[in-house]
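Engineer: mind folding the following:
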Amino acid sequence: MCLSEMRRGQTATVANIPDETLRTQLLRFGIATGSRVLCHAKLPFGPVVLRFGGQEIALGRDLAQQIKIN
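Structural biologist: The predicted model follows:
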């Protein structure tokens, strides 16, 4: 399953971020393999808003599709 398939209110663990550039960018926000994230909002045809560690981050659908979760 990928991050873009999460439903609002669902919590998941990041399992794999295959793209090295994306992995580096997400690490700057504190997201890495093993991180627990909450889908705070999912805008129609827009970004997936994640909440973790007291902060929120919006990821575009294309990026969210690349991130595998458990």
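Engineer: gap between the nearest residue to residue 14 once chain neighbours are set aside and residue 18?
Structural biologist: Spatial nearest neighbour of residue 14, chain neighbours left out: residue 35 (4.8 Å); criterion: C-beta to C-beta, 6 or more residues apart in numbering. The C-beta positions use only the backbone N, C-alpha and C, and glycine is treated the same way. Using C-beta to C-beta, to the nearest Å, residue 35 is found at 15 Å from residue 18.
Engineer: so who does the residue nearest to residue 14 touch?
Structural biologist: Contact analysis of residue 35 by C-beta atoms under 8 Å, 6 or more residues apart in numbering lists 13-14, 52.
Engineer: repeat for residue 38
Structural biologist: Residue 38 touches 9-11, 50-52, counting by C-beta under 8 Å, 6+ apart.
Engineer: measure residue 56 to residue 17 for me?
Structural biologist: 19 Å.
Engineer: those two - which one has more neighbours?
Structural biologist: residue 17 (22 against 12; other C-beta atoms under 10 Å).
Engineer: settle this for me: the more buried one is touching residue 66, isn't it.
Structural biologist: Yes - counting by C-beta atoms under 8 Å, residue 17 touches residue 66, with 7.1 Å between them.
Engineer: sorry, back to before: any of the contacts of residue 35 buried? List them.
Structural biologist: 14, 52 (16 or more other C-beta atoms under 10 Å).
Engineer: closest to residue 60 out of the contacts of residue 35?
Structural biologist: Checking these against residue 60 by C-beta to C-beta gives residue 14 as the nearest, at 16.5 Å.
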